[in-house]
Structure formats: structure tokens, C-alpha cells
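> Just a sequence and a predicted model for now, questions to come.
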There are 2 protein chains.
Amino acid sequence: MTTQVVKPTTKLDQFLHEQRPPTPFVVVDVDVVADRYHELVTALPAAVVYYAVKANPAPAVLRRLVAVGSSFDVASPAEIDLCLEAGAVAGSLSYGNTVKKRRDVAYAASVGVTRYTVDAAEELDKVLSVAPGSSVCVRVRYDGATADWPLTRKFGCTPDEAARLLVDATNAGSECGISFHVGSQQRNAAAWDEPLGVVAGVFDRARDGGAAPSFVNLGGGLPGSYREAAPSLGEYGTAIGKALDGAFGDQLPDLMVEPGRYLVADAGVLRSEVVLVARRAPDEPRWVYLDCGKFHGLAETMDEAIRYRLRTNRDGGPVGPVAIAGPTCDSADVLYEKADYQLPLELAEGDMVDIMSAGAYTTTYSSVGFNGFAPLAEHYI
Amino acid sequence: MTTQVVKPTTKLDQFLHEQRPPTPFVVVDVDVVADRYHELVTALPAAVVYYAVKANPAPAVLRRLVAVGSSFDVASPAEIDLCLEAGAVAGSLSYGNTVKKRRDVAYAASVGVTRYTVDAAEELDKVLSVAPGSSVCVRVRYDGATADWPLTRKFGCTPDEAARLLVDATNAGSECGISFHVGSQQRNAAAWDEPLGVVAGVFDRARDGGAAPSFVNLGGGLPGSYREAAPSLGEYGTAIGKALDGAFGDQLPDLMVEPGRYLVADAGVLRSEVVLVARRAPDEPRWVYLDCGKFHGLAETMDEAIRYRLRTNRDGGPVGPVAIAGPTCDSADVLYEKADYQLPLELAEGDMVDIMSAGAYTTTYSSVGFNGFAPLAEHYI
């Protein structure tokens, strides 16, 4: 396990020091996104990178990724439009949401999108009838996944069903393949091993039925640099390469990968201000209340799942245990109560708390105005 | 326990039948809000009603509540502005958020707000220095609360600390009192008993120290009509009256109550469309995917806490077990997987699912655009 403590770039720190817009806000250095893209292409040279737009759909991020040659994983017509407006060609888009309205598939097909993901017979029928001839990716369920932002049984069909859908897709004249997901913020580089074995088995069964699966979509799961250490990207590349070798030998299928968090998380810093530090009883941790909480950008602290690194303008002095909460009247708006955070004893009203590696899954999760607080402000540099 | 199955009004059903705007949307009948207000004033005649604006800050709701004479519990400058724009006078506003920026207190004071809630010495100092002479409500922690949307330790000071803050407030020349919260969607009408005993004890200790507490804020907690039955409002009124009598005898303090959910939940219906019904394995429940989920209005299904009643255009036929999820690529966007929901076997793509009593805590929790889906549309009739 390699400890990856990613420092903000000089550009980010300069912005924070010189611009000082009203808090709370997130600032994203798009150069970091481009750097991450190049690192990923180096670590997984055989895979085509489809950026998961939902992680951060800002035009500045999309334009930069178009410029470096990325493809895009989209979830809705609005995300398709954002990519096209940023200069992407429709052929570089994959409609990865397994839950699509019929009219949304029709819209996607009308602008030239030719790749669709499904995980049920009903959805395959929908795609084959509305966008015939498209490439079909069948998402298989992988129950063994353990990750910081874990998966439910919401997505993915059984291996048996996946093999049947590949046969149906082939019979309809579609190119086809399999996707799976190891769970977001997956800190075990060996996590692709087991599902790739499952996929190879599905391919065998599907071929027995006459299917011609040609690609594997490795999904997302590559990490941002949060409090708990994760392996380096090189270690992921090596482990995934080994897993592919074990599953497919020299019959390597075409490969896709769908990073969201990995490309944008470390590019951003979310700056918040301390509104109140409450010391209520000597034997209890202080409660630190920020002007940004679960409903204005930090949704991924749900169940304290994503544990961000924090930085304050009081760092260096002695620290003590804290619970950390957002500014709304909602008792669910607690960021960390059990995750053993420590912050400087000097921290007080008006101080700054920077939430590090906050470029992913912050801006769009933000509520439209819960408690009357505005959505999280965004800056791209 | 009285089963309260509240049917949508004729006005709501007429709108749903005739207008048919694109789904998903919520429609709210403001007449129901006014009816609920009158019912509450009848059941708790001694209490001044402060509507918790965060439950639904729509101008149409606020205007109607101004017309019937309600006061308002606000959480931020934006909520203050909404109330004033709807015609409320500043004297009818209570700034109930215990986490307030100093400049936000200053803004509130500048427009005439004179009631503030605090739950820490640091916050009391802030209010007394920025808005001297204001009425101060001290929120005391009540750990015994069990409710469908339960509380954390985020809010409230200890009884000892509360007594000290009442003394400090009195010494600063402020009118003062105590608030507590029994938990949102509190289905036990006797839940006010114990905390009112705690409050009476705090009052005694505070008076020994020279304080002159004059009011009790009974908080929120009154229920919407969800799947699990709740007592009738009359039962709450009787139980709270008895609890007040036990705690204060004939020395009844002034009373405030802060309903949000109770006033607006039953006034609304959220209409969604079925995007996909997936039957993946014979021994597994069907997965029903709607065009509205956790990130576009149904945030209170977090941990399956709030269990809405559902209605479909296929009701009447045989039903079977389902899991229900929203339309985003996020595996956390599952509404119900464990809560044993059953829906008609005939339910299919394009059918309508109405989420009943969805007027509270839906519109403002909605994300600005996660996965590229627009915020929840709202209609007021």
C-alpha cells in the first residue's frame, strides 16, 4: 500500500491565497485532470478511457479532456449535450446508464451515440428497437465488491442472464461486450481479479450460444487521494494487467475503462469557513460547524464513507478530537462524528477549512437550496 | 395508534389527471397547508405556530401561511428574505438555526428579526454582541428521542450548560427560553413527556441562578401520513397538554411549536414515471426504476427512513415484492430495497408511480443536476 498524499498545485494555492471568493466554493485545476488522464493511459495502455461525466460535468473539465483525446461515459441527454458542446464527437460517447427512458435513447441515437449499456432483457429490447445496430455493453453484477463507496444490488444482471443477453445482442447484429464495477474508491488493486474471471466465464457461455462478445469495460473504482491510503496507479495497472492475463491469456478483448473520481478528485479543493466551534461538555469532542455540509457538496460523507483530508489555517499547533457538521438545521447534515478526526485546538469561528481532493462528486450533488443556502460555487483554473 | 390514510384532494387529482406536466414533478395544494394550520391551532391552542420554512419554502406556501396568521422558523438570510417577500413581518420570524455566520445574524437584526436560537456559549456571545436585546432560545439536547428521521448529537447543549446560558442571557437583558426536538416524524405522541420534564428541571436550576426563562419551544416532530401509521393530531395535542401539565402545572410558560412536515407533507404528491422494470432472476424481487430518486427529491429515503405511500395506475391487480430505485448511475440512489414494498405485477415502463404526502423535504433537497437530470419541478395549486 503506497501512501499517496497529493498536495494541491501551486496554481490552486495561488488562487486560494489571492482570489479569496466567498466561501464555500470548490476550485479545480484542469491541468491536474489532463495529467491524470496521461498517467492512466500510461498505466493501462490497452484501454480506451471514457471519463464518467457525472463526477464533474463542468465545461472546463470536459473541454480539457476533449483536448487530450478522452472519450466520455454519459448518464443522460443533458450530459450528452455537455460533451458535444465541449467539442466531443458523438462516436466517443458511451451511454453507460442502465436506466434510460425510451425517448432519451431515441435522442442519443439521433445525435449519433452508438454505445449503450444494459443490465436487463427489457432494457436490451429498448435499445435494440430504438437504436438498432448499436454496440451493446451488458453490465454483470459483481457481489464481491468491497469499496469505500460500495455498490448495492441496483445494477447488473446475473452471469447466466448476461450470457443470454450477449447472445440476443449478437443475434440482433450488435457488437457486444461486458462491463462490471468493483465499487467506487476501490482501494484494493486486486479487486478486478475475481470479476474478470466471472467475465471470462460469461464470454465462454455466450460463445457456446453463438454470441461474439468483443470487449470488456473495466468500469470505474480508481481512487482519489483521501485520508486512507490507496495503491499508486502503477500498482493498479500492474494488478489489472495480471488479472486480464489470467482471465483471457492471449485472447485479450478490446478494453474500456470509466474513471470519474480518479481524473478529477485530486484536481479540486473545497474551501469552507468555520461558523462555530462548540465546546459543550469537557468529556465530549468539540463540534466544528462549517459553512458547507452534506447538502451543499459533501454528499459523499454519507455514512462517513468518503473521508477527505482536511487542511486549516491553524495547522501546526496541537490538535484534539472533533465532530464536524454542516450549517443546516438537519441533524443528518453531519460530516464526521465517528471517523476520529482531529483538528487544531486553536480553530475558531472565521477560520478556513480546506477539504482536499474535492473535485469529484461535489458540485452536482449539491442541493438547489436546502435551508436557503445557495448551491456550491465552482471555479475552474 | 390511529391509521391516518390521507387521500389527495380532488384539486390534486384533477391537476394530475388534466395537466399532466412532464415527470418527475411535485404538485402541492396550498389549501391543505391552510387546513393543517387551523387543525394545529385547534389542537395546541396555547402555542404560537412557527412554520419550519426549510420543509418547503415555495412562495405560494409562505403566502398562504402569512394569510392564515402563521409565524416562521427560518434557517438563513435567504429564508428570511423569502418570508418577508411573502408578506411576513420580521417580528414573526425566529432564526432557529443554531449555526449562524456572524454577518448573517447582523443581516437578520438589520431587517428586524428579534428571535434567535443558540446551543453553545460561543453562539450566545455572537447573538448577544451582534443582535443585543434579542429574545434567546437555548436548545437543549434530548438523547432519548426515537423517530423515523432521528437526531444525532449535532444539536443541543447539556441541561447544565442550558441553565448557565439562560442565566447569561437574562443577565444580558434578553428574554429567554428553551427549545428541544423529539425527532422528525415522531410517531410516539408521548415523546414530549420526558424532554418537558428535563426543561422544567433546567428552568428550576436557571431560576436558582437568577435567570427568568419565559417560554418553551416544543420543536417539530409532528408527522406526515406515510406508510406506517401515526397518531391523530388530536392525540398529539392531548398528550402534549398532559406533558406540559405534568412539567409545569399552573405555571405554564409561553409556547412555540415549529412544524414543517406536518403542515406541508400531505399537501403534495410527487409523480414519477417507470423507466424500467427489471426481472433478473426468478428468486429475486423485480427492480422498479423511476425517473425520480434520492438525488432529485427523495433524499429522505436515506436509510429507508421515510417510507412513502405509493399509488400507481395499475393498482387493484395482484402485487409482488419489488426493490425501487432512482434513475442515476449511483448505486446509493436506491429508495427501498429492504422495506418490503409490493407493487402491481403488471407495472411496466411508462406507467405512473405517485409518491404520496411528498410536499415536505423534497424540492429543496433536490440536487442541482446530478447525472444531468434537472432539479425536481414544482407546481402549486
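Good, I have the coordinates.
> What pLDDT does the model give A:Thr2?
The per-residue pLDDT reported for A:Thr2 equals 46.
> Where does the record place the domain boundaries for chain A?
Residue ranges for the domains of chain A, per automatic domain parsing: A:31-264, A:266-380.
> With mean neighbour count and mean pLDDT as extra columns, can I get those domains in TSV?
Using the backbone N, CA and C atoms, a C-beta is placed for each residue, glycine as well. Putting the domains of chain A into TSV (neighbours: other Cβ atoms under 10 Å in any protein chain shown; pLDDT from 0 to 100) gives the following:
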stretch	mean neighbour count	mean pLDDT
domain A:31-264	21	95
domain A:266-380	21	95
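> Minimum distance to B:Tyr341: which of those has it?
domain A:31-264 (14.5 Å; Cβ to Cβ).
> Could you give the separation of that closest one from the chain centroid?
12 Å (Cα atoms, centre = their mean, to the nearest Å).
> next one: stretch A:330-346
24 Å.
> quick one: contacts of that stretch?
Stretch A:330-346 has contacts (Cβ atoms under 8 Å, 6 or more residues apart in numbering or on different chains) with A:286, A:288, A:290, A:293-295, A:298, A:301, A:304, A:307, A:310, A:312, A:314-327, A:353, A:370-371, B:54, B:149-155, B:302.
> rerun that using 6 Å as the cut-off
Stretch A:330-346 has contacts (Cβ atoms under 6 Å, 6 or more residues apart in numbering or on different chains) with A:293-294, A:298, A:301, A:304, A:307, A:312, A:314, A:317-326, B:151-152, B:154.
> got the CA coordinates for it in PDB?
Presented in PDB, the C-alpha positions along stretch A:330-346 are these (Å, rounded to 0.1, in the frame of the first residue of the first chain):
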ATOM      1  CA  ASP A 330     -30.800  19.000   9.500                       C
ATOM      2  CA  SER A 331     -29.400  16.500  12.000                       C
ATOM      3  CA  ALA A 332     -28.300  14.300   9.100                       C
ATOM      4  CA  ASP A 333     -26.000  17.100   8.000                       C
ATOM      5  CA  VAL A 334     -23.100  15.700   9.900                       C
ATOM      6  CA  LEU A 335     -19.900  15.000   8.000                       C
ATOM      7  CA  TYR A 336     -17.900  13.100  10.600                       C
ATOM      8  CA  GLU A 337     -18.800  12.000  14.100                       C
ATOM      9  CA  LYS A 338     -17.300   8.500  14.300                       C
ATOM     10  CA  ALA A 339     -14.300   8.700  11.900                       C
ATOM     11  CA  ASP A 340     -11.800  10.000  14.600                       C
ATOM     12  CA  TYR A 341     -11.000  13.400  13.000                       C
ATOM     13  CA  GLN A 342      -8.600  15.700  14.900                       C
ATOM     14  CA  LEU A 343      -8.400  19.400  14.300                       C
ATOM     15  CA  PRO A 344      -6.300  22.200  15.900                       C
ATOM     16  CA  LEU A 345      -7.300  23.300  19.300                       C
ATOM     17  CA  GLU A 346      -7.000  26.900  18.200                       C
END
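> got the contact list for whichever residue of the stretch 101-250 of chain A sits closest to chain B?
The nearest approach of the stretch 101-250 of chain A to chain B comes at A:Ala120, 3.5 Å away (Cβ to the nearest Cβ). Contact partners of A:Ala120, counting by Cβ under 6 Å, 6+ apart, are B:Ala278.
> Ok, the one 4 residues further on next?
Contact criterion Cβ under 6 Å, 6+ apart gives A:Val118, A:Leu165 as the residues in contact with A:Leu124.
> that's a helix at it, yeah?
Yes. Using DSSP: H, G, I helix; E, B strand; the rest coil, the assignment for A:Leu124 is a helix.
> which parts of chain A sit against chain B?
Residues of chain A lying close to chain B (Cβ under 6 Å from any Cβ of the partner chain) are A:54, A:75-76, A:78-79, A:97, A:99, A:101, A:120, A:122-123, A:151-152, A:154, A:157-158, A:161, A:275-276, A:278, A:280-281, A:289, A:325, A:327, A:329, A:331, A:334, A:364-373, A:375.
> Among those, which ones are in helices?
If you go by DSSP state H, the residues of chain A next to chain B have A:Ala78, A:Glu79, A:Glu122, A:Glu123, A:Glu161 in helices.
> With distance to A:Gly224 added, can I get those in CSV?
Output for these, formatted as CSV (distance: Cβ to Cβ, whole Å):
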residue, distance to A:Gly224
A:Ala78, 24
A:Glu79, 20
A:Glu122, 35
A:Glu123, 30
A:Glu161, 33
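> Where does the stretch 151-300 of chain A get nearest to chain B, which residue?
A:Ala278 (3.5 Å).
> give me the beta-bridge partners of that residue?
With DSSP bridges as the criterion, the beta-bridge partners of A:Ala278 are A:Trp287.
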